[in-house]
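Student: give me the fold of what follows.
(chains A and B)
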Amino acid sequence: MTGARVAVLGAVRSGPSYWFESLGAMLRWYLTSMRLLLPVFVVVQMLIASGFSVGISFFFEEITSEAALFLGTGASIIALILAGVVVAPQLIASEKDAGTYDFSWSLPVPRSANVTAWVMLNAVIGIPSMVVALVIADWRLDLDFSPSWTIAPAVVLALTCGTLIGSAVAHAIDRTSITQLISQVFAFGILGFTPITYPIENLPTWLESVHRVLPFYHMGVIVRGGLTDGPGEGIWASYGIVFGWTLAAAVATALVVGRRR
Amino acid sequence: MNDWVFRAEGVTKSYDGGKTFANRDVSIEVRPGEVYGLLGPNGAGKSTFVKQIIGLLKPDTGSLHLGQHDLVADPDAARQLCSYLPQATMPIESFKVHEAVRLTGRIRGGSKSATDERCEELIDALQIREWRDTLGTKLSGGVRRLVGFIMVTVVPGRVVILDEPTNDVDPLRRRLLWEQIRLLGQMGAAVFLVTHNVLEAEKSVDRLAVISEGEVVAEGTPSSLKVADRGRLRLQLMMVPGTATPELPSMVRDHSRVGNNLMAMIDEERAGDGIAWARQAMADGLAEEYALAATTLEDAYIRLTGHISAIGAMEVAT
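Tutor: Prediction:
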């Protein structure tokens, strides 16, 4: 008879082993469910980032090694940030459009483990895009960079922060067309109007003060710190600001994720 | 000690500041082993209710308990103790069938060996082995539906919620699916079956609630809901398109017309007169065909909701 060895579940699980098993299972779930699209996402992110650094270099006949370093590292940082802030909300919105969102969030796993798996999925998209963008920029612009150990925490923090911000927006907003629109605004805002590929001093004063509060410029600062001159002076303030935004975005995501209406 | 009885009491949810009710004062008790039908027309509030059980929606007032667990206060427990097959399609485009099933089994807390074993058993029981290694993108709607069923029941919860599980499923496998739903009851799960297919529900559920505009308008066994129609027959006429409903003879106790489908309830002892009247209507060019049949749950359903379950009426008419 069917079901001889499977009984209906009676116990409610909890504790760390339940949490980590759920994380592992959900990560496998997301990776498998994305396996047809994942390579496409990585390639597109990569093209955007490397297109940016290579394209801009065509504007100038000669580019100083300092500017090249700024541009090349900046473009790779943008690839990392876009994975969280743009790709993540678009994926969530497409789940809502397909009607599969309810199923994903009715699965018997802790929501925090589910969100963590989600951030890790975005790392799978963002980190290879970043690395390839960096390699292409190095090949084209001959970057003079020297990575330090701080690249690891910087990348993790920037990626987590971006993904949580994007996720909070996508979970909170029911109308997916609005989510798509907001992610486009993020994309243009970060590509064009955020001092990641150019120094913040080049901006008008008011926009500079806006970016000193928003996390995106500071994400650029900490990741670039890891790629170039290590934890230099002043970088800790940027870490603090990105960390603060990460906490705020985590709280916001916790409040809105799979929210019961 | 947990009795694992599901109890909903006074579950109410409204929108627009109390003007529209998604559901209103829904009170239901379902015991382990029961297959419980939630019947009602589209938009009646069936899916709203089951989403409240699984913790996707929150009632404004009222309580939902499974044994000692308060499902409203503890949605984490609700997600663990209840399995939910939504009406929407399952997100399994990139999964092979067995991968989707085994992974959801693991997510649901099943051991690897037991999950794998039951996965293969259910694949055989529903006769979909030929698609075991097929990607979700290449599955037909019906097979995908069956895979969804296996995913949520490979490690079943104490409550199994199935929202329109037979949609798109072919008649043969539909029967196999019903067998598995009955077996879930035997395993000790309380099964909620959301459907608007009345005839199918009549054959398969132990008890049911008819929901209309968010309220439970009738509850009981299929037979108890048909009591009002006892001693009556259903005389059904397919009217010629465009003709008005003719004057009905006095033997017609009750009638309804949906499109060209005229259903008249007559007393059993007047069956001969009823047939004669129907034949006359055909001779007069008003009706194309007629059928005389025992009353079904469909008739009670029409009386209670004012809606016809499209599938039920067509099956009776042909």
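
Student: report the buried residues of the helix or strand where residue A:219 lies.
Tutor: Using DSSP states H and E, residue A:219 sits in helix A:215-227. Neighbour-count burial for helix A:215-227, counted by 16 or more other CB atoms under 10 Å in any protein chain shown, picks out A:215-227. For glycine as for every other residue, the C-beta is placed from the backbone atoms N, C-alpha and C.

Student: quick check, distance from that helix to the centre of its chain.
Tutor: 13 Å (CA atoms, centre = their mean, to the nearest Å).

Student: and the helix or strand following it, what other elements does it pack with?
Tutor: Downstream of helix A:215-227, the first helix or strand assigned by DSSP H and E is helix A:235-256. In terms of contacts (3 or more CB pairs under 8 Å, 6 or more residues apart in numbering or on different chains; DSSP states H and E), helix A:235-256 is packed against helix A:111-141, helix A:151-172, helix A:215-227.

Student: hmm, try it at 6 Å
Tutor: helix A:151-172, helix A:215-227 (3 or more CB pairs under 6 Å, 6 or more residues apart in numbering or on different chains; DSSP states H and E).

Student: quick one: the last one to helix A:111-141, angle?
Tutor: Pointing back at helix A:215-227 there. Orientation check (axes from the mean of the first three to the mean of the last three CA atoms, to 10 degrees): helix A:215-227 against helix A:111-141 gives 60 degrees.

Student: show me what from the stretch 151-300 of chain B comes close to chain A.
Tutor: By CB under 6 Å from any CB of the partner chain, the part of the stretch 151-300 of chain B that sits against chain A consists of B:156, B:157, B:158, B:183, B:187, B:188, B:189.

Student: just to revisit the earlier point, got the contact list for the helix holding residue A:219?
Tutor: For helix A:215-227, the external contacting residues (CB atoms under 6 Å, 6 or more residues apart in numbering or on different chains) are A:73, A:77, A:81, A:145, A:147-148, A:150-151, A:154, A:158, A:161, A:190, A:194-196, A:200, A:211, A:231-232, A:235, A:238-239, A:241-242, A:245.

Student: let's see it as CSV, backbone CA atoms only.
Tutor: What follows is helix A:215-227, C-alpha atoms only, in CSV (Å, rounded to 0.1, in the frame of the first residue of the first chain):
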residue,chain,number,x,y,z
PRO,A,215,23.9,52.9,0.9
PHE,A,216,25.0,52.5,-2.8
TYR,A,217,27.9,54.9,-2.8
HIS,A,218,29.2,53.3,0.4
MET,A,219,28.8,49.8,-1.0
GLY,A,220,31.2,51.0,-3.7
VAL,A,221,33.6,52.4,-1.2
ILE,A,222,33.9,49.2,0.9
VAL,A,223,34.1,46.9,-2.1
ARG,A,224,36.7,49.1,-3.8
GLY,A,225,38.6,49.2,-0.5
GLY,A,226,38.8,45.4,-0.7
LEU,A,227,40.0,45.5,-4.3
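
Student: quick one: mean pLDDT for that helix?
Tutor: What helix A:215-227 shows for mean pLDDT is 92.

Student: check stretch B:30-45 too.
Tutor: Per-residue pLDDT over stretch B:30-45 has a mean of 91.

Student: can you tell me the distance between the two ends of that stretch?
Tutor: 18 Å (CA to CA, to the nearest Å).

Student: so for that stretch, what gets flagged as buried?
Tutor: Buried residues in stretch B:30-45, counted by 16+ other CB under 10 Å: B:30, B:32-41, B:44-45.
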